[in-house]
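1. Coordinates for the following, if possible.
(one chain, ligands or ions: 1)
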Amino acid sequence: MSCSSEFLPRDYIGSVHNKKIKLIRTLNRKKTRQESGLFIAEGTSIVTMGISCDWIPQFILMSARTKKISRIRTELIRWARTHRVVCLQLSESVFEKIATRENPQDLLAVFVQRWCRPPQIITQSWIVLENVRDPGNLGTIIRTVDATGIGGIILVGSCCDPYTREAVRASMGSIFHVPLVRMERTAFLQWCRRWPGDVIGTHLSAREDFRQRYNAPVLLLMGSEGSGLSPNMVGACAQLVRIPMVEHIDSLNLAIAAALMIYELRREVLFF
Ligand code: SAM
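-> Numbers count the residues shown, from 1 in each chain. Reported below is the predicted structural model:
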């Protein structure tokens with residue numbers, strides 16, 4: 001058995017039949033994530049970021065592959081002991097079974113998901129994503145929202161899960177900073193009537209250029225990768241704008257378009 005001096009033998013898992021290992025494997029399914037309200041964050045820096053934002057993991061798992069334990073990891077183990085968070089070491093072969101195949105990390109933690117209510121007192125701009133499908137896009141948008149300091153994200157309709165491993169990884173830890181709200185389209189359309197600033201939609205057939213002076217706070221609506229904004233969502237917008245492209249291109253990637261739009265509406269704060 002390979003076991004670092006930071007761990008006691010009882011902290012070691014060498015079998016895939018362990019209860020926690022079985023749970024981790026089921027958390028790859030959306031249904032289990034929804035039912036349990038849990039999710040997996042991978043990598044020392046993402047897990048540490050979660051802890052520094054006051055998210056307490058349910059438990060932490062590390063691979064025994066890492067022979068030399070870094071200072072940050074030793075601190076994490078000590079933190080876990082002080083906060084009574086179970087911290088376990090896994091045999092390399094067991095860890096491989098639960099790690100992501102591409103670019104695997106050798107540490108992961110399980111956290112409880114957080115969902116917010118729609119904001120009641122509105123002071124900041126927010127972005128609304130309708131039926132976003134790609135977790136990589138969603139994670140990237142979460143990271144951009146965090147970087148630009150807008151209020152948060154409202155997920156409308158049947159969006160992909162921001163708590164998939166892929167979205168969490170693409171967010172680079174911003175998942176722990178950015179408020180997330182989910183709403184049915186009808187409820188959202190009713191709620192957004194009370195929005196105090198500009199409600200702006202992004203649309204490929206819009207005539208207006210996206211470089212404008214918007215009235216903050218802005219509610220920015222972006223559509224899905226496949227079909228864009230639905231007609232009802234378009235109807236809720238006071239204005240539709242378009243990001244210019246050369247002729248032979250149909251559209252930009254959603255996360256890129258979102259970044260351009262958010263930077264435009266935060267221009268005065270971020271660039272001056
Ligand atoms: N086939 C879809 C359509 O017809 O709308 C393309 C959707 S596009 C990949 C996904 C979303 O990104 C759009 O709904 C819009 O919000 C935004 N988007 C992409 N390119 C854009 C552009 N040039 N101008 C404005 N919004 C854009």
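
2. what sits against residue 215?
-> Applying Cβ atoms under 8 Å, 6 or more residues apart in numbering to residue 215 gives the contacts 197-198. Where you see a C-beta, it was placed from the backbone N, CA and C, and this is true even at glycine.

3. all strands of the stretch 51-200 of the chain, in order?
-> Taking DSSP state E, counting those that start in this stretch as the criterion, the stretch 51-200 of the chain contains strands spanning 59-63, 86-90, 107-112, 126-130, 153-156, 180-183, 199-202.

4. any idea how far residue 203 lies from residue 228?
-> 7 Å (Cβ to Cβ, to the nearest Å).

5. Pipe the strands of the stretch 51-200 of the chain into a markdown table and attach mean pLDDT per row.
-> Formatted as a markdown table, the entries for the strands of the stretch 51-200 of the chain read as follows, by pLDDT from 0 to 100:
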| stretch | mean pLDDT |
| --- | --- |
| strand 59-63 | 93 |
| strand 86-90 | 92 |
| strand 107-112 | 96 |
| strand 126-130 | 98 |
| strand 153-156 | 98 |
| strand 180-183 | 98 |
| strand 199-202 | 98 |
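
6. of all the ones you listed, which lies closest to residue 29?
-> Nearest of the strands of the stretch 51-200 of the chain to residue 29, taken as Cβ to Cβ: strand 107-112 at 14.3 Å.

7. Compute the inter-axis angle for that closest one and strand 59-63.
-> With axes from the mean of the first three to the mean of the last three Cα atoms, to 10 degrees as the basis, strand 107-112 and strand 59-63 are set at 160 degrees to each other.

8. hmm, who's touching strand 107-112?
-> 23-24, 27, 37-44, 47, 50, 55-63, 73, 76, 98-99.

9. out of those, who's near the ligand?
-> Applying Cβ under 6 Å from any ligand atom to these, one finds that nothing falls near the ligand.

10. show me what contacts residue 254?
-> By Cβ under 8 Å, 6+ apart, residue 254 lies in contact with 129, 132, 134, 137, 141, 222-225.
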